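> Any chance you can model this:
(4 chains)
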Protein chains: 2
Amino acid sequence: MGPTIRDVARLAGVSKSTVSRVLNGDPNVAEETRNAVVAAIKEIRYTPNALARGLNTRKTGTIGLIISDITNPFHAEVARGVEDLASDFDSNVILCNTDGRPKKEAAYIDLLVEKRVDGIIFTSVKTDESDMTNLRSRRIPFVFAGRTLPDVAADSVVVDNILGGFQAANHLLRLGHQRIAYLAGPSHVSASMDRHEGYCQALRRAGIEPDPQLVIEGDFKQEGGYRAMSALLDRSLGITAVFAANDYMAMGALEAIYERGLRVPEDIAVVGFDDIPFARLHLVQLTTVAQPKYDIGAIAARMLFERIDGKAQDEPSRRVVLPPRLVIRRTCGEYLGQRDFAEPNRPSRVAEPPVGTT
Amino acid sequence: MGPTIRDVARLAGVSKSTVSRVLNGDPNVAEETRNAVVAAIKEIRYTPNALARGLNTRKTGTIGLIISDITNPFHAEVARGVEDLASDFDSNVILCNTDGRPKKEAAYIDLLVEKRVDGIIFTSVKTDESDMTNLRSRRIPFVFAGRTLPDVAADSVVVDNILGGFQAANHLLRLGHQRIAYLAGPSHVSASMDRHEGYCQALRRAGIEPDPQLVIEGDFKQEGGYRAMSALLDRSLGITAVFAANDYMAMGALEAIYERGLRVPEDIAVVGFDDIPFARLHLVQLTTVAQPKYDIGAIAARMLFERIDGKAQDEPSRRVVLPPRLVIRRTCGEYLGQRDFAEPNRPSRVAEPPVGTT
DNA sequence: GTCCTTCCTGGGACCGGTCCCGCATACATT
DNA sequence: AATGTATGCGGGACCGGTCCCAGGAAGGAC
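This next block holds a predicted model:
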């Protein structure tokens, strides 16, 4: 259909090998020849066919991003980090929303393998081990962003969830709270477990034995946070503060609290996790533990490209742990009154991934 | 590297043509032969190479999605609609964030053309006409989602922005407001212009001549909404209500209003546009004009695939106009007190695109 | 002048599929 | 028995590039 490399060759009066050389910036081409080829390319508006190229270079310049739901602002921010970095590496990102369903995930992986993507980034929550070994045997590199799979030896970049949980609980403790509830995520998610672990550590360090009654499981969504908080309040357990495993659940919790005519933070203090955009809204001012969402994606992508480019070909798997950051706003009572607009979350230059090998 | 179709053929004792037939579900294959081939495929874990296939079928099963920023919840929702539908059509979506920069957009288009995507969906704001004619000449179908380019004859699906603007202003008018400000988006964006047009129509119908002083330009972002609203309030123009061209700017406006110690809706009523998730937060309860974001993406994708599959090959370009929907919450004073959780925004079955030809 | 490099270029196998064409066999038709 | 037709399968050109290999021309060393 469109013009091919042969058409260019014919017009420029050279062989297709030479055109190919020009296309790939081979220095061993006479200036004159190069100009002729470039002119011919312009003239017939030739665009190389990446399929044909990929067929024998075994590089497609495309990576897959497996994500549970791009509609979730946390994931959107991670995705943005991934895409920006891919763009720097002249790569494209294929977006795959799995809604956390293993079947969808497996189907997507198959598709990505068929398309011979250069690598895959996983953000989604559950992942089948057999898929991993499949990818491994096909030598398709992959990395986990924002989560990790205990048994799979693979590159990953995560936030220190234990530390984050500790920071959240510790902040509440130093404000004098003693009865602090934890709104957990689904029990199989390691992030939620780790945050709980940090919460327990903080309590124990303060000489308080964690009370299992104060822990209730949610689903990482607003509705679940609302229900969990409502249930907690109904039991009148003397709670004065609550730490939600993510901001969405904190949102639901706030709602439940306000609905009962209670005040935040006077009656109940609230801390979230993630620092999604809504948390910094003037009306909300949620105190929360911020994750470097964009960096998680960007660093994961950088690690992936290092594998792809063969720089880190056969190194052992690396695990980058990023620090969480407590952002103090209004919902715990230390509101300082200043505006707090979206901070620039797109570093002009993404930092090299901190070394940290496992 | 990996096993090829020849390996399968050898193992099954047939020719590669036959394997290809099995792969593509050709009925003219003996049951026995088919079984042998399937078994061979299983045994050596063969995965067809989509590059090789695409090279001569001229179909890649991949579409491009050009978007300004996936981090924007409006776009994320549209993207989700696109991706879900692509998935139904066994296609993948390549995500391209342009930040509205024409240069980035042009670069992405080139890349997508090189990869021979089956089609492209545009959501981003500015688009170079020459890129369009380029795509046209290469016979790569494309459709606009959520916006339209006046001079380019192409498929598009948009919300009726004039009607939306009318609904917003009309709602404020029937609540008794007379001095209604409009926080516009960038002046070159047709959506903002159209919403302004609807706003003017509503005012005129109520016998009020629109006052240019009450219109101020923002940037579709929170910060811009904050600045615009602050400027407006500083001028003491007797404003009792404000219509923001999108929810982000409404957020900023709310902030400016609260900062001055004014109350919403008692002192100033606020209406937004889009209905992004934050708008329904209990703490915010923003009255706004909802766009069917998911459907915009899904319908755009459906239209694109109709072009790709040749069903709508040479039909004239179609323009689908979706109705906006006024969602009354708290910020205008008709708060009814009921909770308002995320409504199910993923239709199990996406409606056929309403016919409507241009 | 001969030989060796270095630079530039062309030829052609190959990447891994699809698909057209042609052939063999089996069975129905006249 | 001769002819026609449907089914099942193999051979090989082709999609549009990359890249190895070989060869010619030019320049330097002896």
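> residues from chain A in reach of DNA strand D?
By Cβ under 7 Å from any atom of the strand, the residues of chain A that approach DNA strand D are A:1-2, A:4-6, A:16-17, A:20, A:23-24, A:46-49, A:52-53, A:55-57. All C-beta atoms are positioned from the backbone trio N, CA, C, and that covers glycine.
> Quick one, which of these are buried?
Neighbour counting with 16 or more other Cβ atoms under 10 Å in any protein chain shown marks A:4-5, A:16, A:20, A:23, A:46-49, A:52-53, A:55 as buried within the residues of chain A next to DNA strand D.
> tell me which residues in the helix or strand bottoming out on mean pLDDT in chain A are buried?
Least confident helix or strand of chain A, by mean pLDDT, DSSP states H and E, is helix A:129-137 with a mean of 86. By neighbour count on 16+ other Cβ under 10 Å, the buried set for helix A:129-137 is A:131-132, A:134-135.
> Where does the spatially most central residue of chain A fall, secondary structure wise?
In chain A, the centroid-proximal residue (Cα atoms, centre = their mean) is A:V78; its distance is 3.7 Å. Following DSSP states H and E, the helix or strand that holds A:V78 is helix A:73-88.
> which secondary structure elements does that helix contact?
Contacts defined by 3 or more Cβ pairs under 8 Å, 6 or more residues apart in numbering or on different chains; DSSP states H and E place helix A:73-88 against strand A:62-67, strand A:92-97, helix A:293-308, helix B:73-88, strand B:92-97.
> Report the rounded mean pLDDT for that helix.
For helix A:73-88, the mean per-residue pLDDT is 96.
> Please give the centre-to-centre distance between it and its chain.
Offset of helix A:73-88 from its chain centre (Cα atoms, centre = their mean, to the nearest Å): 8 Å.
> relative to helix B:73-88, how tilted is that helix?
Using axes from the mean of the first three to the mean of the last three Cα atoms, to 10 degrees, the direction of helix A:73-88 lies 80 degrees away from that of helix B:73-88.
> what is the orientation angle of helix A:73-88 with strand A:92-97?
Using the same axes, to 10 degrees: helix A:73-88 against strand A:92-97 is 160 degrees.
> Now do the buried residues in stretch A:106-115.
Buried residues in stretch A:106-115, counted by 16+ other Cβ under 10 Å: A:106, A:108-109, A:111-115.
> Which members of these are positioned in helices?
Here DSSP state H is the test, and the buried residues of stretch A:106-115 give A:106, A:108-109, A:111-114 as lying in helices.
> Let me see the domain layout of chain A.
Chain A is divided into the following domains under automatic domain parsing: A:5-48, A:62-158+A:293-322, A:161-290.
> Any idea which of these gets closest to B:L233?
Of all the domains of chain A, domain A:161-290 sits nearest to B:L233, with 15.0 Å by Cβ to Cβ.
> which residues touch the nearest residue to A:Q213 once chain neighbours are set aside?
Of all residues not flanking A:Q213 in the chain, A:L237 sits nearest, at 6.0 Å (Cβ to Cβ, 6 or more residues apart in numbering or on different chains). Counting by Cβ atoms under 8 Å, 6 or more residues apart in numbering or on different chains, A:L237 touches A:179, A:181, A:213-214.
> Count the neighbours of whichever residue of the stretch 151-300 of chain A sits closest to DNA strand D for me.
Nearest residue of the stretch 151-300 of chain A to DNA strand D, counting by Cβ to the nearest atom of the strand: A:D155, 25.9 Å away. By other Cβ atoms under 10 Å in any protein chain shown, 27 other residues sit near A:D155.
> from what I can see it touches A:F144, true?
Yes - taking contacts as Cβ atoms under 8 Å, A:D155 lies within contact range of A:F144: 7.1 Å.
> So which other helices or strands are in contact with the helix or strand hosting A:I121?
Using DSSP H and E, A:I121 falls within strand A:119-122. Judged by 3+ Cβ pairs under 8 Å, 6+ apart, strand A:119-122 is in contact with strand A:62-67, strand A:142-145, helix A:293-308.
> on that earlier part again, now for A:D155 and A:F144: what residues contact both?
Residues touching both A:D155 and A:F144 (Cβ under 8 Å, 6+ apart) are A:A300.
> thinking again about what came up before, report the two of the buried residues of stretch A:106-115 separated the most.
A:A106 and A:K115 (15.2 Å).
> now A:T288, what's its secondary structure?
Put simply, A:T288 is strand when judged by DSSP: H, G, I helix; E, B strand; the rest coil.
> mind listing what A:G61 touches?
Applying Cβ under 8 Å, 6+ apart, we find A:G61 in contact with A:50, A:54, A:90-92, A:118, B:111, B:115.
> just curious, which of these is nearest to DNA strand C?
When these are ranked by distance to DNA strand C (Cβ to the nearest atom of the strand), A:G54 comes first, at 8.7 Å.
> Strand partners (parallel or antiparallel) of whatever helix or strand A:F273 lives in?
A:F273 is located in strand A:269-274, with elements delineated by DSSP H and E. Applying DSSP bridges, strand A:269-274 is found paired with strand A:241-244 (parallel), strand A:287-290 (parallel).
> Report the angle between it and helix A:293-308.
Going by the same axes, to 10 degrees, strand A:269-274 makes 30 degrees with helix A:293-308.
> Count the neighbours of the nearest residue to A:R116 once chain neighbours are set aside for me.
Spatially, and ignoring its direct neighbours in sequence, A:R116 is nearest to A:T60 (5.3 Å; Cβ to Cβ, 6+ apart). Each residue near A:T60 was counted by other Cβ under 10 Å, and the total is 22.
> residues in contact with A:T60?
A:50, A:54, A:115-118, B:51.
> hang on, the earlier thing: determine which two of the contacts of A:G61 are furthest apart.
The span of the contacts of A:G61, defined through Cβ to Cβ, is set by A:D118 and B:L111 at 14.2 Å.
> where does A:A181 land in three-state SS?
Taking three-state DSSP, the label given to A:A181 is strand.
> what does the helix or strand harbouring A:R6 rub up against?
Under the criterion of DSSP H and E, A:R6 resides in helix A:5-12. With Cβ under 8 Å, 6+ apart as the test, helix A:5-12 has contacts from A:15-16, A:18-20, A:23, A:33, A:36-37, A:39-41, A:43-44, A:46, A:48.
> Which of those residues sits closest to chain B?
Minimum distance to chain B across these is 5.8 Å, recorded for A:P48 (Cβ to the nearest Cβ).
> In this structure the closest one contacts A:V22, no?
No - using Cβ under 8 Å, A:P48 is not in contact with A:V22, being 10.8 Å away.
> So for the helix or strand containing A:A253, what gets flagged as buried?
Taking DSSP H and E as the definition, A:A253 sits inside helix A:247-259. Neighbour-count burial for helix A:247-259, with 16+ other Cβ under 10 Å as criterion, is recorded at A:247-257.
> and that helix, does that touch chain B?
Yes - judged by Cβ under 8 Å from any Cβ of the partner chain, helix A:247-259 comes into contact with chain B through A:251, A:254-255, A:258-259.
> Get me the contact residues on the stretch 101-250 of chain A for chain B.
Within the stretch 101-250 of chain A, the residues that sit near chain B (Cβ under 8 Å from any Cβ) are A:110-116, A:134, A:137-139, A:222-223, A:226.
> Dump those to CSV, plus distance to A:H282.
Compiled in CSV, those are given as follows (distance: Cβ to Cβ, whole Å):
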residue, distance to A:H282
A:D110, 46
A:L111, 43
A:L112, 42
A:V113, 47
A:E114, 48
A:K115, 45
A:R116, 48
A:N134, 49
A:S137, 52
A:R138, 50
A:R139, 51
A:Q222, 19
A:E223, 24
A:Y226, 22
